[in-house]
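S.K.: Build me a model:
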Amino acid sequence: ESLHSSIGLLGISAGSLLLAVHFYSLPRAVALIPSTALGVLLLILSSLLAYAGIRRSLRNASLFLSLCLTISVFWCSYGVVFILGGQGVLNDTGDFRNALVPGLVTFTLALVIIAVVGFLCREVILAMIASAVSLASAHEVAMHYSTAFSSSAVACNYMIVCLVGGYFALGRILYFLTKEKIALPGTDLAKKKTHEQIQSTSGSMNHFAVTGLILNMLSASVFGCRLLGVTGKLFIGQVPWLWAAGIYQIGICILSYRAMDVLMATFFGFTSILKFAGGYCLLYPIWQPEEPSFPTPFPVVFSILFVVLALFLALKSPVDGLYLLFYVAYCIALACCPKGFFEGGPQGVDVAIFVASALMTLIHLYNVKATAKIPTGKGAVKALLARSSFLKLREGADLHAPYLGYSKYADAEVLGYACSVLASFAITMTGDPQAPLATVVIPWVVVAGGILKLLGGSVAFARGKTLESSAFILYAVMWIIWGLTRYGGLYGTTRSFHAAVGIIAFMLFNVFIVFCTLFLNIAWFFYSLTFLLIAVSFLLDAIHALPAGYDIAATLIFGLVSFYCFLSALFNSIFEGSCLPMGRPIVQLSGMGGGMTKCLHLPARKASSVKRIADILKNGGTCGIPTDTVYVLVAACNRPDAVEKAHHSKRQAQDRPMSLWISSLKQLEPAKHLFSPLLWDFMEAAWPSPISLVVPRGEWVDFLGMKDSAKYVGTPQSIAIRIPDCSVTTHLIDLVGPIVVTSANPTGEADTTHHNQVYAKLGDKVDAVLCDGPSPENIASTVVDCTKIDSGNIGFFRVGIIPKSQVLQILEQVQKK
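M.R.: Numbering: from 1, shown residues only. Below you'll find the model as predicted:
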């Protein structure tokens, strides 16, 4: 815990020291640190701060997260601007000022908000750092507009950050050297950790939303400053702010899925598209002198998607829903202006978005940290919907749990379908062959249809949705390749033929996906089927044989199907029941989809889940469970019928007999006199661990109550026993008693290393699966032959995760004892 805090704060101090040196040496003829070198160093530190903030945020909610990510995106963009200046890109008078001021204004205000909340919540060190960096940014803005302000004032503020960082470092060093006896005020992270963990468990909240809102302020500032006359022009120097905001916004989108916040994750995905589109428009004059034109269909469709998302978000938080209406107005303004971001209408809405984002940042950040909350109307909507018999909000800990166990991410299908709606309207744009980049289409196709769809496919894969993830990733690749080929001016006679061959190959893949969706649901079948229309449009366009009106028809059909899937996914993520169902499988086969209600998948992190698995085992069931190595199939020893069922369910081979697991040697205490003293001591020393000991079979087996099914466990001469080094497994054995264990896969196949694979390999033959994600190890246990241990010799049937030398060392210690 202290590692990531120390890395973050000392990283901020290091960056501040660099900037202090830079601004002190600025009046000199030659800068002490070249601009390019300074920019590269700031980029390295920004990545370090992002790592420290995100890693700490996975444990608890903290103002530290917001501070680290905010300064990280600040220095990332700031560093790129310095690199552009060092490489001679910003040559004209006032270019450096026009490039820097929009970002500096944003982070001055954002860090003031963080500092205010920090002081209110008694996070003094973080608040002092935020206020010092904010003052430095404000002085730098003033320095660009007035010669009365020198660069020394900026350097002084950065030196304050260095001093605070030095104080923190001294506090941590004293804390460790005195063995936690001396802790300087504000540097004792143990107390903070306890307080923040209590806060984080008190209610569900997306702690990454604050950074996402600050990024919205950043992009709005770039265009708002132009309207207000703060900057003289829009040009390439401001692209780093927009694209850094877009990249970080995609990261915030992923982290919001990690925080199980589908709606805000979708919103941040939407806003990242606008940031990349804005950066593209500012970058375009490099190739052509005129400003790019903005196609009308995209903003209109985007405004509809924002309206729908705002309505659903208002059900969760009315204030957040109202905030999204600013983006509805923004998209409408873009649709009304042919030059898009360069006209006064959208820029005026940008100013409103900047102010609204600042207020929302304050509300979200204060509500994350403070015990007394600023009201956002959540309770009122919840109380209103409680009276409705038709619409009921989905709530509870299992709100985002997928069918096959659990995932660390919420479902991203809402964003995937929305991006399909957006990207489908790209094929209605013809484009100018002489100036293919003049129409702003590439950001919508590549970012919406490609990057965000890849994100949706990755999250779907993490949730065990293999087919959906394959489809999303395939479609994303198609949109990216086709979008860059058509709207990047890459078409030619030879390239068109190669593109057509590639599209046909993709169509064949999609035919396979269409076939597979027969076993999924009706909506997905039509979604994949209508994408064939889009692929046909790609093909006809590549060979220059596209009939008039076909692309519009394909867009409308695929767009409407995608929009229905978008609405259905939204409804299913917010409300109980199926208001807009995805439908049942068109073809339902036994063993495929048919057994989806027979096998429970329960998260191992819950004690109630372990208890349910124990009840199933006591009643004669067989279950797949996680261990300290790979997943295994288990049955209770005192249920002979279950032991026999486990043996037959995976076609157990005679040369790979089932083994016996216990939670402690106390379970074998009644039969201790039947084991040799050396063997008993060796078992005591070796366990718990991933070491299976093969011991002689004897009368002690009768104490386990297996009766006739004992023939399925071990061999006639011996039985393998183990105490696993896994708290979940040993707790389960405490509840059930000794269990019979075999690998959770048909004989001869690879070991099972994920809970999804248990059901995939054994199907309805297993009654429940205890889910704990990927196995901690992909190597099985070490199996030791102890049948001749009394003569001082042991053998090895299998050397697994524990090496021979370690086992022999344990035996040697026992023998000496």
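
S.K.: distance of Ala183 from Phe176?
M.R.: The gap separating Ala183 from Phe176 is 10 Å, by CB to CB, to the nearest Å. C-betas here are computed from N, CA, C, even on glycine.

S.K.: So which of the two has more stuff around it?
M.R.: A side-by-side neighbour count of Ala183 and Phe176, using other CB atoms under 10 Å, places Ala183 first with 16 against 10.

S.K.: list the contacts for the more buried one?
M.R.: Ala183 makes contact with 171, 174-175, according to CB atoms under 8 Å, 6 or more residues apart in numbering.

S.K.: how about 6 Å then?
M.R.: For Ala183, the contacting residues are Tyr175, by CB atoms under 6 Å, 6 or more residues apart in numbering.

S.K.: Just confirm it is within a strand.
M.R.: No. Ala183: not assigned to a strand; according to DSSP: H, G, I helix; E, B strand; the rest coil it is coil.

S.K.: Go ahead and flag the most central residue of the chain.
M.R.: Ile254 (4.0 Å; CA atoms, centre = their mean).

S.K.: For it, grab phi and psi.
M.R.: Backbone torsions of Ile254, given as degrees, to the nearest 10, read phi -60, psi -40.

S.K.: How about Pro640?
M.R.: phi -50, psi -40.

S.K.: same thing with the one 3 residues further on?
M.R.: Note on Val643: its backbone torsions stand at phi -60, psi -40 [degrees, to the nearest 10].

S.K.: What of Ser743?
M.R.: According to degrees, to the nearest 10, the main-chain angles of Ser743 amount to phi -70, psi 150.

S.K.: What's opposite it in the beta bridge?
M.R.: Assessed by DSSP bridges, Ser743 has beta-bridge partners Val632.

S.K.: For it, give its distance to Ser775.
M.R.: From Ser743 across to Ser775, the span is 12 Å (CB to CB).

S.K.: Could you do Ala220 as well?
M.R.: Between Ala220 and Ser775 the distance is 46 Å, computed by CB to CB.

S.K.: before we move on, what about Ala569?
M.R.: Noted for Ala569: a distance of 31 Å to Ser775, by CB to CB.

S.K.: Out of the two, name the residue with the larger neighbour count.
M.R.: Neighbour tally, Ala569 and Ser775, criterion other CB under 10 Å: the higher count belongs to Ala569, 23 against 19.

S.K.: Helices of the stretch 351-500 of the chain, residue ranges please.
M.R.: Secondary structure of the stretch 351-500 of the chain by DSSP state H, counting those that start in this stretch: the helices cover 378-386, 413-424, 442, 452-462, 466-487, 493-517.

S.K.: Throw those helices into a markdown table and include mean pLDDT and mean neighbour count, thanks.
M.R.: Supplementary listing: the helices of the stretch 351-500 of the chain in a markdown table, determined by pLDDT from 0 to 100; neighbours: other CB atoms under 10 Å:
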| stretch | mean pLDDT | mean neighbour count |
| --- | --- | --- |
| helix 378-386 | 72 | 12 |
| helix 413-424 | 92 | 28 |
| helix 442 | 87 | 22 |
| helix 452-462 | 90 | 23 |
| helix 466-487 | 88 | 22 |
| helix 493-517 | 85 | 15 |
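
S.K.: As TSV, those with distance to Met706 would be great.
M.R.: Below are those laid out as TSV (distance: least, CB to CB, whole Å):
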stretch	distance to Met706
helix 378-386	52
helix 413-424	47
helix 442	67
helix 452-462	40
helix 466-487	38
helix 493-517	43
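
S.K.: Return the residues in contact with Thr530.
M.R.: Thr530 neighbours (CB under 6 Å, 6+ apart): 557-558, 561.

S.K.: The stretch 151-300 of the chain: helices as residue ranges?
M.R.: Under DSSP H, counting those that start in this stretch, the stretch 151-300 of the chain gives helices at 151-177, 189-202, 209-227, 239-258, 262-283, 297-316.

S.K.: Please identify the deepest-packed of those.
M.R.: helix 209-227 (a mean of 27; mean count of other CB atoms under 10 Å).

S.K.: so Val766 touches Gly624, yeah?
M.R.: Yes. The pair Val766 / Gly624 is scored as a contact, 5.2 Å apart, by CB atoms under 6 Å.

S.K.: Quick one: residues in contact with stretch 808-817.
M.R.: Residues from elsewhere that reach stretch 808-817 (CB under 6 Å, 6+ apart): 681-682, 685-686.

S.K.: which residues of this protein fall in strands?
M.R.: With DSSP state E as the criterion, the chain has strands at 600-603, 623-625, 632-636, 659-661, 691-696, 718-722, 739-743, 768-771, 782-785, 795-798.

S.K.: so can I have JSON lines of those showing mean neighbour count and mean pLDDT?
M.R.: Listed next are these as JSON lines, based on neighbours: other CB atoms under 10 Å; pLDDT from 0 to 100:
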{"stretch": "strand 600-603", "mean neighbour count": "20", "mean pLDDT": "81"}
{"stretch": "strand 623-625", "mean neighbour count": "28", "mean pLDDT": "91"}
{"stretch": "strand 632-636", "mean neighbour count": "29", "mean pLDDT": "91"}
{"stretch": "strand 659-661", "mean neighbour count": "23", "mean pLDDT": "90"}
{"stretch": "strand 691-696", "mean neighbour count": "24", "mean pLDDT": "90"}
{"stretch": "strand 718-722", "mean neighbour count": "23", "mean pLDDT": "90"}
{"stretch": "strand 739-743", "mean neighbour count": "26", "mean pLDDT": "89"}
{"stretch": "strand 768-771", "mean neighbour count": "26", "mean pLDDT": "88"}
{"stretch": "strand 782-785", "mean neighbour count": "21", "mean pLDDT": "91"}
{"stretch": "strand 795-798", "mean neighbour count": "12", "mean pLDDT": "88"}
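
S.K.: Figure out which of the ones you listed is closest to Ala462.
M.R.: strand 768-771 (13.0 Å; CB to CB).

S.K.: contacts for the closest one?
M.R.: Applying CB under 6 Å, 6+ apart, the external contacts of strand 768-771 come out as 405-406, 600-604, 613, 616, 623-625, 755, 758.
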